[in-house]
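> below: sequence and its predicted model.
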Amino acid sequence: MRGLYLHIPFCQHKCVYCDFYSLETTHLIEEFVETLLVEIRLRAASISASIQASETSSTLHTPLQFHTVFFGGGTPSLLSPQQMERIITELQRHFVIDANAEWTMECNPGTVTPQHLRAYRELGINRLSYGVQSFHEDELRFLSRIHSTDEAREAIKLSRDAGFENVNLDLMFALPNQRFEQWKSTLDIAVSLHTDHISAYSLIFEPGTPLNTMLQQGKVQKQNEEYDAEMYSYAIDFLGRHGYEQYEVSNFAKDGKYCAHNCLYWQGDEYVSFGPSAHGYLFGTRYWNARSLKRYTESVLSGALPLTNSELLSDKERMFERAFLELRARGIRKADFMRDFGISIDNALAPLLREFVPTGELTNSAERVQCTPKGYAVCDALTVEAIHLLEKYSGVQWKQQEEAEELVQEWDE
Ligand code: SF4
């Protein structure tokens, strides 16, 4: 599997908790779309040159195939259908995209209209992801979201009317002063709307955000860890009872409607990314685009890829990252792990399996080692232990303890 990611760096209003790169403006969108089209062409040419450079007389030039496309941000639903069409046409002109690809677009419920939704669907977008966060007005106000609960409900209804059969809602828990009953009813409403997929995240106080400043000034308080864990456990149990399969620490899907694009990240697959602050992973190399729109634009319009950094991952890094990410998601695929790294997961993780399979936190099938819902609730501890065992078994150290803990925290966010 291989994916394309496009970062649309604009929002109508900046939410107090958000540290994604986005500008609180819409008047630069048209100019940005022009630049993005140029980046698509530059990136395609660069990939094609890399493939040709690696060809030998016995290999043929095979264009890469892509299976997912994800418009994230920022707020992609600020783009008009005409702007989306130009981007999609350019992607299809330069990349081979599978006919059955998953095409996701992140949306803010406060920005969609029936006409735009129908047009996005006609353009081939087949999955929408709404940043709903809560079905309580006081919580939406606290988070400084631009939409109301009614608008969120309406957006979902309009999406169905426009023909979308795969809709995700992002929800947030452990907000300051959030009563347990409020979290329960948010989940209840999300389920009653027949949502196909739910991402449930604990509120993070990201450094540099207004919310974190409020915390430092004593204006808000974090929920304590036990309360946060109870809310999370409730979500796992409640969503499980309503037919949602947990397939990653924070993600739940009905009828197997996993987010293919996110699964690709969690399996260590390749993805090509565009837009300011986007990062990609291709041919074993991870790269980062410039974060500021200004620097990004200057670079692209001068004919250069807007890179700020890139690193070639070693086999060792790929191995640990794969184990780490897969255990947090749909499980470590044993045969693939053996093929790619020559390591038997059954042998390397034997002590972990002996302890946590009988307690019902892990399952160990012929195909994979996976967390159960009970295991996802303690996934950080399980992954740290798994990495520790893998280090012992392979005789190489992945990261210093501190770095490993930072990574766990990053993925929790
Ligand atoms: S709408 Fe989304 S991307 Fe924009 S500021 Fe709010 S959370 Fe961040």
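On my side now, so go ahead. Residues are numbered from 1 along each chain as shown.

> name the residue of the stretch 201-350 of the chain that lies nearest to the ligand.
Evaluated by CB to the nearest ligand atom, the stretch 201-350 of the chain has T209 as its residue closest to the ligand, separated by 9.6 Å. (Each C-beta comes from the backbone N, C-alpha and C, glycine too.)

> the lengthiest helix in the chain close to the ligand?
Of all the segments of type helix in the chain, defined by DSSP state H, the longest one is helix 29-54. No - on the criterion CB under 6 Å from any ligand atom, helix 29-54 is out of touch with the ligand, staying 13.7 Å away.

> please identify the buried residues of the following helix or strand past that helix?
Helices and strands here follow DSSP states H and E; after helix 29-54, the next one along the chain is strand 65-73. Of all the residues in strand 65-73, those buried under the rule 16 or more other CB atoms under 10 Å are 66-73.

> nearest to the ligand among these?
Distance to the ligand, by CB to the nearest ligand atom, is smallest for G73 among those, at 5.3 Å.

> partners of the residue nearest to F356 when sequence neighbours are not counted in the sheet?
Among residues not flanking F356 along the chain, L362 sits closest, at 4.3 Å (CB to CB, 6 or more residues apart in numbering). Note on L362: beta-bridge partners by DSSP bridges are C371.

> same check, this time on Q246
With DSSP bridges applied, Q246 shows beta-bridge pairing to F252.

> my guess is it contacts P373, does it?
Yes - with contact defined as CB atoms under 8 Å, Q246 reaches P373; the gap is 5.3 Å.

> look at those two and report which has more neighbours.
Applying other CB atoms under 10 Å to Q246 and P373 shows that Q246 carries more neighbours, namely 23 against 17.

> show me which residues of the stretch 1-150 of the chain sit near the ligand.
For the stretch 1-150 of the chain, the contact set with the ligand under CB under 6 Å from any ligand atom comprises 11, 14-15, 18, 20, 22, 73-75, 108, 131.

> ditto for the stretch 301-413 of the chain
Looking at the ligand, no residue of the stretch 301-413 of the chain is close enough under CB under 6 Å from any ligand atom.

> so which residues of the stretch 301-413 of the chain form strands?
Using DSSP state E, counting those that start in this stretch, the strands of the stretch 301-413 of the chain run over residues 307-312, 332-333, 362-364, 368-371.

> which of the buried residues of strand 65-73 sit farthest apart?
Maximum pairwise distance in the buried residues of strand 65-73, criterion CB to CB, is 21.3 Å, between H67 and G73.

> for G375, what are its contacts?
With contacts taken as CB atoms under 8 Å, 6 or more residues apart in numbering, G375 has the following neighbours: 356, 360-362, 382.

> again with T35
By CB under 8 Å, 6+ apart, the neighbours of T35 are 296-297, 300-301.

> cool, G74 as well?
7-11, 20-22, 106.

> could you rerun that using 10 Å?
6-11, 18, 20-23, 32, 106, 108, 275-277 (CB atoms under 10 Å, 6 or more residues apart in numbering).

> how about I146?
Shown in contact with I146 (CB under 10 Å, 6+ apart): 11-13, 15, 75, 108-111, 140.

> 6 Å instead, please
12-13, 110 (CB atoms under 6 Å, 6 or more residues apart in numbering).

> what separates stretch 98-106 from the chain centre, distance-wise?
Its chain's average C-alpha position is 14 Å from that of stretch 98-106, according to CA atoms, centre = their mean, to the nearest Å.

> repeat that for stretch 119-129.
Averaging C-alpha coordinates over stretch 119-129 and over its chain gives two centres that are 18 Å apart (CA atoms, centre = their mean).

> next, the distance between the ends of it.
Taking CA to CA, to the nearest Å, the first and last residues of stretch 119-129 lie 16 Å apart.

> ditto for stretch 201-210
Taking CA to CA, the span from the opening residue of stretch 201-210 to its closing residue is 19 Å.

> buried stuff in it?
201-205, 209.

> low-confidence stretches in this structure?
Segments of the chain classed as low confidence (criterion: pLDDT under 70) are 56-61, 400-413.

> could you chop it up by domain?
For the chain, automatic domain parsing gives the domain ranges 2-264, 323-412.

> and these: which comes nearest L307?
Closest to L307 of the domains of the chain, according to CB to CB: domain 2-264, at 10.0 Å.

> roughly how far out does the closest one sit from the chain middle?
Once both centres are worked out by CA atoms, centre = their mean, domain 2-264 turns out to sit 8 Å from its chain's centre.

> what about that domain, how long is it end to end?
One end of domain 2-264 to the other measures 7 Å (CA to CA).

> with stretch 205-225 instead?
One end of stretch 205-225 to the other measures 14 Å (CA to CA).

> narrow the buried residues of stretch 201-210 to those in strands?
For the buried residues of stretch 201-210, membership in strands holds for 201-202, with DSSP state E as the criterion.

> which residues does the residue in the stretch 151-300 of the chain positioned nearest to the ligand bridge with?
Of all residues in the stretch 151-300 of the chain, the one sitting closest to the ligand is D170 (8.6 Å; CB to the nearest ligand atom). Taking DSSP bridges, one obtains G131, S199 as the residues bridged to D170.
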